[in-house]
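[1] here is my input, please return the structure:
(2 chains)
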Amino acid sequence: MTVQAPPQPPATAAGPAGQPGDRRGFQPNKTFWILLALPGMLWLIVLFVVPFYAVLAIGEGKLNTQTKSPIAVYNPFSWSSANLSNVLHEIFGAQAFIGPTVVTTILYVAAASILSLLIAYPAAYFVARFAGRRKGFFLVLLVAPFWISYMMRMLAWIDLLQTNGYVNKVWSFIGLGSPNWLGGHSYTVILGLVYGYIPYLILVLYAGLDRINPSLLEAGRDLGLSRAATFWRVTLPLSRQPILTGMLITVLPMIGDYYTNTLLSGAPGTAMIGNVIDGQLTEPFAAGQGAILSMVVLLVLIGPMIYYVVATNRTSQAAS
Amino acid sequence: MSDTLVATPTPVEGARSSRPGRFRNPWRHPWFLEGFTWLYLVWSLAPIVVAVLFSFNNGKSQSAFQGLSVRWYWGDKVNSIWYNPQLHSAIFQTLRLSFYTTLIAVPIGVAFALGINKWRGRVSASFNFLMILSFVVPELIFGVALYFIFTQMPGLHQVGLGTRAEVLGLVSWNLSWPAIIVQARLVTIGKQYEEASADLGCTHLQTLRRVMLPLLMPAIFASAILVFSGVIDDFVVVDLLSSNGSTQPMSVIIYSTVHGGNNGPALNALATVMLLMSFVVAGLGFVGYRLMTRGQRVSGQQTLATLAGAD
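    The predicted model follows:
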């Protein structure tokens, strides 16, 4: 019945120390295992580490004024900070055009993730605790959006939110007029983000809540707590970790999202940081700045990312 | 209804509950929560049903239904997905990318997981950390980095944009699935099997082939399913690394067509094909996983969670 951890990065190579059977002398040569891991390691170097270095080199590099494209400088000692200072200037400076976008991004992501949590938690809680024999049935429905492409899910809403679409038919029926949902409104974008990312959150929450040992809740009830108090003092503290990792797993991709608001709004007023990065890639003269901007975003997110890795590692070690 | 989870003999609740009326029974069914869950499910799935319905629309509209037809699948000689070369090729591009990516990413990821799991040193720990990091890095930032190396970097820009770049990018983006899932499975399997096989005189290779791989088969299969369906759904990496219409898979076609403002029910038909593809893969995954884990007391719910990557 129990479903384990969220996407589960397993034990690190350091492993649970002192596990019985972890005998050093047991495997005299490690060469075999190193060879086995080698292709993956090389792949990670060439297509994960090097690309990020290249982005730095391009961002800190020069500009070819003829072709309007950036020239990468791979030697860090001759890096120029022109792009970096440009980007910082545009985020914090007086006539900054990225600054407002950063604010929009933060607001949208915050609103969308809080809304997601408020919707996802009760649903996950119900399925994990009270679905009883219908658990499998509910789980299928909760998991279904995973198998439906993001683009299709957005397309579905675009159909519904047309000015003469079904949503407006209902809307005008109850006398609320027929708003132009897709005309560049922040609420449409936020709802789109919620709709897009909530399945990931809900599954992490479900897995976490399902893992809670029911006898702890029984103990709470036996010791005289009401249902609400049991929830408040036992269930909620125990679901702190799934809430955190679930929020991270939705917030991180939301920050890099440029398609949701392109599809549901398209107005420059609702642009997020992802739109700026995506737009600068192919814009003459701006690719270097796009590179630096993506590095700045990465730098801001590296803390939460590492936290996620460490937290999931801990969960999986506790589970094993 | 809470019986399976909180299987207690209903205790002395009357004695301690001083609140009136319907609040008296502490084990009552949470109708409010159930209603809320149903609302959520309707909100999350009804739009999809409507979108699928519109793919069978007899008219051009995506907001008013004008009768059933299959014109957007093959009836229309110009705009249906069967006859429109761009929509047509997008389907095959998606399949091609999924196939190649799975074929490359799964063996490399599985070997990586096995090697890292047994190696246990500072180097392997750092690489494992990198691998998990590649799982959480925002896709746009990763895609931008790949875009730059395939267009600019000496030694790699020869790859250029297009199918080759897409496959390379997708493999890096999906490599963490088999690596993570297989490592998790290795932890649950424990060491006793390989120790036994080593005690009986098997070499590393023999242990791997005769003991470990068979034991890991369900995990490998699940990760292959996840990679394959992940590529069907993928958008950012392929959007940034595709070169032109002929290398754009379905997700990118849907995005660029909607963005360009000339969408019609044919797009819904394309999305429905995509949906069908994912569901077929999911169904195969479910059945296959159940068959492979026969006799291991793996529940259907567990299988579902595994195939959604939540295990």
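
[2] state the mean pLDDT of the helix or strand harbouring A:Gly220.
    Element membership for A:Gly220 (DSSP states H and E) is helix A:214-222. Across helix A:214-222, pLDDT averages out at 85.

[3] buried residues, it. List them.
    A:Leu217, A:Glu218, A:Gly220, A:Arg221 (16 or more other CB atoms under 10 Å in any protein chain shown). The C-beta positions use only the backbone N, C-alpha and C, and glycine is treated the same way.

[4] tell me who's in contact with B:Ser69.
    Residues near B:Ser69 by CB atoms under 8 Å, 6 or more residues apart in numbering or on different chains: B:Phe56, B:Asn57, B:Asn58, B:Gly75.

[5] which of the residues you listed are buried?
    Buried, going by 16+ other CB under 10 Å: B:Phe56, B:Asn57, out of the contacts of B:Ser69.

[6] how about the contacts of B:Ser69, which pair is most distant?
    B:Asn57 and B:Gly75 (11.4 Å; CB to CB).

[7] what about chain B, any weak spots by pLDDT?
    Where chain B drops to pLDDT under 70, the residues are B:1-27, B:261-263, B:310-311.

[8] re the thing from before, so which of the buried residues of helix A:214-222 also contact chain B?
    Subset of the buried residues of helix A:214-222 in contact with chain B: A:Leu217, A:Glu218, A:Arg221, counting by CB under 8 Å from any CB of the partner chain.

[9] next, count neighbours for B:Pro218.
    22 (other CB atoms under 10 Å in any protein chain shown).

[10] that one falls within a helix, correct?
    Yes. Per DSSP: H, G, I helix; E, B strand; the rest coil, B:Pro218 lies within a helix segment.

[11] check contacts around it.
    B:Arg185, B:Tyr289, B:Met292, B:Thr293, B:Gln296, B:Val298.

[12] what's the closest non-adjacent residue to the fourth one?
    Same thing as B:Thr293. B:Pro218 (5.0 Å; CB to CB, 6 or more residues apart in numbering or on different chains).

[13] circling back: of the contacts of B:Pro218, grab the buried ones for ChimeraX.
    Command for ChimeraX, covering only those of the contacts of B:Pro218 found buried under the criterion 16+ other CB under 10 Å:
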select /B:185,289,292,293,298
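
[14] a markdown table please, covering the contacts of B:Pro218 and showing secondary structure.
    As requested, the contacts of B:Pro218 are exported to a markdown table (three-state DSSP):
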| residue | secondary structure |
| --- | --- |
| B:Arg185 | helix |
| B:Tyr289 | helix |
| B:Met292 | helix |
| B:Thr293 | coil |
| B:Gln296 | coil |
| B:Val298 | coil |
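
[15] of the contacts of B:Pro218, just say which sits nearest to A:Leu161.
    Distances from A:Leu161 to these, taken by CB to CB, are shortest for B:Tyr289, at 37.3 Å.

[16] show me the contacts for B:Met274.
    A:Ser149, A:Met151, A:Met152, B:Thr94, B:Ile232, B:Met250, B:Ser251, B:Ile254.

[17] element containing it?
    helix B:265-292.

[18] over to B:Val258?
    Secondary structure (DSSP H and E) places B:Val258 in helix B:250-260.
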